[in-house]
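Q: Just to be clear, the model below is a prediction. Sequence and coordinates:
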Amino acid sequence: LLLSEICFWNAFGFDRSAAQFYFLAPVSFTRVLVGKNLTAMFFIFSEIFIVIGVCALLGMPVGAQRLAEAFAVAGVASLFLLSAGNIQSVREARAVNPAASFRSGAASRIQAMLFVIYPIAFAPIALAYLARYAFESEQAFFLVLATDGVLGLAIYRLALGSAASAASRFKERMIAALSFSALAAVRSPA
């Protein structure tokens with residue numbers, strides 16, 4: 001949740017008018033999205049490492065099974081969130097002012113969509129925890145989570161293709177929204 005704005009829902013927000021380069025570069029837009037997603041995963045896993053480090057410093061129990069669970073759950077949830085975020089980043093691109101990124105919240109329509117997307121994205125994770133509870137087995141938990149991961153990869157591939165084709169259809173609108181919002185954010189008094 002701490003990184004959701006820049007990792008998932010508005011991946012091009014800080015790029016602003018520099019996003020024009022993504023359409024001019026000899027690299028496909030799919031690779032641009034994959035690169036942004038890999039960067040997001042790096043920061044998500046870095047955040048988990050920091051939390052684990054703090055937990056270890058505080059003397060909380062941190063075992064191999066808990067570490068595997070944390071990374072597996074975050075990885076699977078991130079697949080579903082990145083899938084939705086890729087599409088959202090292209091269809092609802094808007095600039096973010098780095099000096100005031102937390103003050104300029106998302107539009108109410110986007111926030112309403114998040115109330116729908118988050119429960120759907122975390123439902124597969126809930127099924128894994130439900131399997132652990134119902135079968136009283138860690139193997140059941142990880143088996144359901146692995147199945148969720150395969151499903152997440154399939155959905156990610158579909159969403160990636162959809163986002164890349166939407167980017168080619170809406171590139172003028174996307175670039176204009178990022179450029180216009182950037183100018184408005186710079187000119188408006190804080």
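A: Structure's in. What do you need?

Q: Please go through the protein and pick out the longest helix.
A: helix 138-169 (DSSP state H).

Q: So which elements touch that helix?
A: helix 29-57, helix 64-91, helix 108-135 (3 or more Cβ pairs under 8 Å, 6 or more residues apart in numbering; DSSP states H and E). Bear in mind the C-beta positions are built from the backbone N, C-alpha and C, glycine included.

Q: roughly how far is that helix from the heart of the chain?
A: 12 Å (Cα atoms, centre = their mean, to the nearest Å).

Q: Stretch 84-101 now?
A: 11 Å.

Q: buried ones in it?
A: 84-97 (16 or more other Cβ atoms under 10 Å).

Q: swap in stretch 160-176?
A: So, applying 16+ other Cβ under 10 Å, buried residues of stretch 160-176: Leu160, Ala163, Ala164, Ala166, Ala167, Lys171, Met174, Ile175.

Q: okay if I get those as a markdown table plus pLDDT?
A: Shown next, in a markdown table, are these (pLDDT from 0 to 100):
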| residue | pLDDT |
| --- | --- |
| Leu160 | 96 |
| Ala163 | 94 |
| Ala164 | 93 |
| Ala166 | 92 |
| Ala167 | 89 |
| Lys171 | 83 |
| Met174 | 85 |
| Ile175 | 82 |
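
Q: now, among the residues you listed, which is nearest to Ala74?
A: Leu160 (19.3 Å; Cβ to Cβ).

Q: Surely the closest one touches Val32?
A: No: using Cβ atoms under 8 Å, Leu160 makes no contact with Val32, being 10.6 Å away.

Q: which stretches of the chain aren't confidently modelled?
A: 1-3, 17, 97-108, 180-190 (pLDDT under 70).

Q: which one among the buried residues of stretch 160-176 gets closest to Pro119?
A: Nearest member of the buried residues of stretch 160-176 to Pro119, counting by Cβ to Cβ, is Ala163, at 21.3 Å.
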